[in-house]
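In: how would this look folded up:
(one chain, ligands or ions: 1)
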Amino acid sequence: MGSKFVDFAVYVALLIVLLGLINMTFNLHRFAFIGEFLILLVLMLIALIVVVGMRNEFAWSWKLLKVFFALAFLDMLLVYLLSPSMPGMFLAFLFAAVAGFFIALFNVSPKKEAAQVKKTYKPGKYIASSTGTKFHAPKCYWAKKVKKENAVWFNSKEDAKKMGYKADDCVK
Ligand SMILES: [Zn+2]
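Out: This next block holds a predicted model:
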């Protein structure tokens, strides 16, 4: 699934869910209407933040998206219990909320992988920690334990040794 398509599917689901909730809200009686209208405003605000987050490709926007669809789902159930009208439309809106939730759920993993690829980017042949005494091949277990902010990279064993580091067993 291409990212553009996923984004589009999410926007469609967001729109259907919001329109559905608006439609359901305006079928409510006065007292329930005021309460539901406030919930609707909050959901719209969350949706707006999600869309802005997605446009800027922030990782948190997908987490917030899951929250949005989960809340929308619960809210729809609530509204339906308050005013059980038009079960067909209600089910369609509910389906959009569930579909949106699962799109958000499954889209989180590929984005995480992309972030990990960036983390293993190697700006040198050997790595040491500024707080440690040994230098390692990047594949070494200990190399992966080196914190990003402490990482020191070398292009040769000689460079590392000059800086006072000793070769770990992982360095051939
Ligand atoms: Zn090592």
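In: how near is I16 to V10?
Out: 11 Å (Cβ to Cβ, to the nearest Å). (Glycine included, C-beta is placed from N, CA and C.)
In: do you know how far V42 is from the ion?
Out: Distance, V42 to the ion, by Cβ to the ion, to the nearest Å: 51 Å.
In: what's the pLDDT at V51?
Out: pLDDT recorded at V51 is 90.
In: so it makes contact with Y11?
Out: Yes: taking contacts as Cβ atoms under 8 Å, V51 lies within contact range of Y11: 7.3 Å.
In: re earlier: neighbour count: I16 and V10, which is higher?
Out: V10 (23 against 17; other Cβ atoms under 10 Å).
In: ok, the closest residue to that one other than its chain neighbours - how many residues close by?
Out: In space, and not counting its chain neighbours, V10 is closest to I103: 5.7 Å by Cβ to Cβ, 6 or more residues apart in numbering. The local packing of I103 (other Cβ under 10 Å) involves 20 other residues.
In: Mind telling me what element I103 is part of?
Out: Secondary-structure assignment from DSSP states H and E places I103 in helix 87-119.
In: what's downstream of that helix, the next helix or strand?
Out: Downstream of helix 87-119, the first helix or strand assigned by DSSP H and E is strand 126-129.
In: Contacts for that following strand next, please.
Out: Strand 126-129 has contacts (Cβ atoms under 8 Å, 6 or more residues apart in numbering) with 134-138, 143, 146-147, 150-157, 159-160, 163, 165, 171.
In: what's the answer for stretch 29-36, then?
Out: By Cβ under 8 Å, 6+ apart, the residues outside stretch 29-36 that reach it are 24-26, 28, 75, 78-79, 82-83.
In: still on that earlier bit, how near is the residue nearest to V10 to the ion?
Out: In terms of Cβ to the ion, I103 sits 41 Å off from the ion.
In: which ones are touching that residue?
Out: When contacts are counted by Cβ under 8 Å, 6+ apart, I103 touches 6, 9-10, 13.
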